[in-house]
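Generate coordinates for the sequence data below:
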Amino acid sequence: VTGDPMQRLAAWFAYALAARVVKRWPGLYKALNHNEPEGLTATRAQPILTPAIPCLAFAHAIVGRTLLRVLAGERRVHIVDMGSGDPKLWVTLLRGLNQGPDGPPHLRLTCVSAKRDVLDVLGHALVKEAETMGMPFQFNPVNVSLRELTEEMLELRLRETVAMVSILDLHALLAEDDRVDAHFGMIQSDSVKDCKRVGEFLSMVRLASPRIFLLVEQEANHNMTRLVDRFVEGLHYYSAVFDSIDAAFGGNCSEERLALEEMFGREIENIVSCEGLEREERHERLARWAVRLRRAGFKPVWLWWNAMEDAEVMVEAHLRDGSKVSTERGCTMICWHERPLLAVSAWSC
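Numbering: from 1, shown residues only. The predicted model follows:
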C-alpha cells in the first residue's frame, strides 16, 4: 500500500468491505486467504508499536508511575497484566520498585495471554532483570485468552497487595453473537448493552480486591450494531491513527511502517467485515466503560499525574508535536491533535 495516509487508509477500508462481501461464500474466502502471510506478530509489534505511537508510550508511563505511587511501601505485591505483555513497561516498573526507600518488595507478576511467545519473551526479560538487581521476583504465565481466564488461574494469596492492569484488551470480552439483534435493529446504538462475559470478568476482578485496577482502551465506539455507524466512526478514528504513524516515520515508507499499518488494517477488517463472536475489535468510549465499572461496584480514582509537578516533563518526554493530553473526571485522554485516541482510567473497589 502506497500513497499519503488517507490513501493508505482508504485501501484498508476498501479491502475490509471486499472481505465482507466475499465472506458470503466461505469456501471462496478461505481459498483467497489460504496463503496470506501471517503479518505482524505480537512479539515483533511491541518494539515498533510504542515508539511509533507515542500515545501508547505515554499511557504506559501513566500506568507505571501510578503503580509506583499506589504500591509504595508494600512488601508483597502481585500485579496482574491482562494481556499487554510488554517487557519495556514491566522492566521499567521493576527498576522503579527496586529503588524504593525500603528496598524492593517481593513481586509476583502474572501475565495473561493466549500467545505463548509473548509470555516466553516477557518472562525471560523480567527474570533476567530481577536476577541482575537481586530482586525477589516470581513470574506466573497464564497461557489463555481473557475470555477463558478464571480466578483460580491467578493464584491469589493472602497478605499480597494486588494491582490489575488491562491495556487494550478488555473490549474483546464484548464480543457476542448479536447478529440477530443487529439484523432486526433490537439494540440501540447509543445504549450501553449488558454483556454477561464482561460482567463476570469485572465480578472476578472485584473479588480479588485489587488496590487499583488500571484500564487503557481505545477512545472510540466501534461496538455499534449498524455497519454504517461503525464504518463512519472507524474512518474518523483510524484517519488520526494513520496520520500519527505518518508523522512518526516522517512520511517515509519502511517495513516497520507497513507492518504497523497492516496491524491496524486488520483491526479495520475485523470491525467492518465481521459480525457476531468473530467481531472482537469492539472498542467503546470511556463513558460506556465507566457505566459498566460503576454497575460492577467500582469507583473512579484520580490518576497520579493530574496533580504532579512533573506532568509537563512526562508529556514532553513521551509526546511529540500534534499529540495532546486532556483530563475528564480524573481520567486521561491522549489525543492526536483534537481526536482522542486512548483513554486511561483508574478504579478501586
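
Quick check: phi and psi at residue 212.
phi -160, psi 150 (degrees, to the nearest 10).

again with residue 26
Per-residue torsions, residue 26: phi -50, psi -40 (degrees, to the nearest 10).

Tell me the predicted confidence for it.
With respect to pLDDT, residue 26 has a value of 73.

Residue 317 too?
On the pLDDT scale, residue 317 gets 63.

what residue ranges in this protein are flagged as low confidence?
For the chain, applying pLDDT under 70 flags the ranges 1, 28-48, 50-51, 179-190, 304-320.

ok, which stretches of this protein are helices?
Using DSSP state H, the helices of the chain run over residues 5-22, 26-33, 42-52, 54-71, 87-98, 116-133, 151-154, 179-183, 196-207, 227-248, 255-273, 286-295, 311-318.

Show me which residues of the fourth one are buried.
In this case it means helix 54-71. Under the neighbour-count criterion of 16 or more other CB atoms under 10 Å, helix 54-71 has 54-68, 70-71 buried. (Each C-beta comes from the backbone N, C-alpha and C, glycine too.)

Ok, the longest one next?
Counting neighbours by 16+ other CB under 10 Å, one finds that the buried residues in helix 227-248 are 230-231, 233-234, 237-248.

which one among these gets closest to residue 6?
Distance to residue 6, by CB to CB, is smallest for residue 239 among the buried residues of helix 227-248, at 6.6 Å.

okay but that closest one is in contact with residue 7, surely?
No. The pair residue 239 / residue 7 is not scored as a contact, 11.3 Å apart, by CB atoms under 8 Å.

Look up the residues forming beta bridges with the nearest residue to residue 293 once chain neighbours are set aside.
Distances taken as CB to CB, 6 or more residues apart in numbering put residue 347 closest to residue 293, at 5.5 Å, once the chain neighbours are dropped. Applying DSSP bridges to residue 347 yields these beta-bridge partners: residue 213, residue 300.

ok, now how distant is residue 347 from residue 232?
Using CB to CB, to the nearest Å, residue 347 is found at 30 Å from residue 232.

With residue 242 instead?
Separation of residue 242 from residue 232 (CB to CB): 16 Å.

Please apply the same query to residue 287.
Distance from residue 287 to residue 232, counting by CB to CB: 19 Å.
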